[in-house]
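[1] what's the 3D shape of this:
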Amino acid sequence: MLQLLLLTARSDDEVKSRLKIWVIEKNIFMFLNCEEIDLQVCADRRRIEQVITNILSNSIRHTNINGYIQINVIRKAANAYISIENSGEHIPQEDLIRI
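    All right, here's what the predicted structure looks like:
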């Protein structure tokens, strides 16, 4: 079922609480860079949360101790884009096409 999904700074706290143990163990700093205060998208909330959680858990796993993870949320025209970068290992270029 499609729901209106509201992406705000609170979303960052929700993600942190889900992955809190890993973040604390590795002393990872998480930053949310969101250009708009409230960005609404129509999407399957559970699936979007699952995808973001999977990507973030992979990012945490490959981030060094005392590293960082930055979540960028931007709007371009009628689309919202989420990108995640970290201070650890990056996905090899040849693997990116499969994602």
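[2] what about this protein, any weak spots by pLDDT?
    Residues of the chain that meet the criterion pLDDT under 70 lie in 1-18, 36-38.
[3] ok, which stretches of it are helices?
    With helices called from DSSP state H, the chain shows them at 9-18, 20-26, 45-61, 93-96.
[4] among those, which is nearest Ala77?
    helix 45-61 (19.2 Å; C-beta to C-beta). No exception for glycine: its C-beta is placed from N, CA and C like everyone else's.
[5] Work out the gap between that closest one and the centre of the chain.
    The chain centroid and the centroid of helix 45-61 are separated by 7 Å under C-alpha atoms, centre = their mean, to the nearest Å.
[6] And the helices of the chain: which comes nearest Ser87?
    Ranking the helices of the chain by proximity to Ser87 (C-beta to C-beta) places helix 45-61 first, at 9.7 Å.
[7] What residues of that closest one count as buried?
    For helix 45-61, burial by neighbour count (16 or more other C-beta atoms under 10 Å) applies to Glu49, Ile52, Leu56, Ser59, Ile60.
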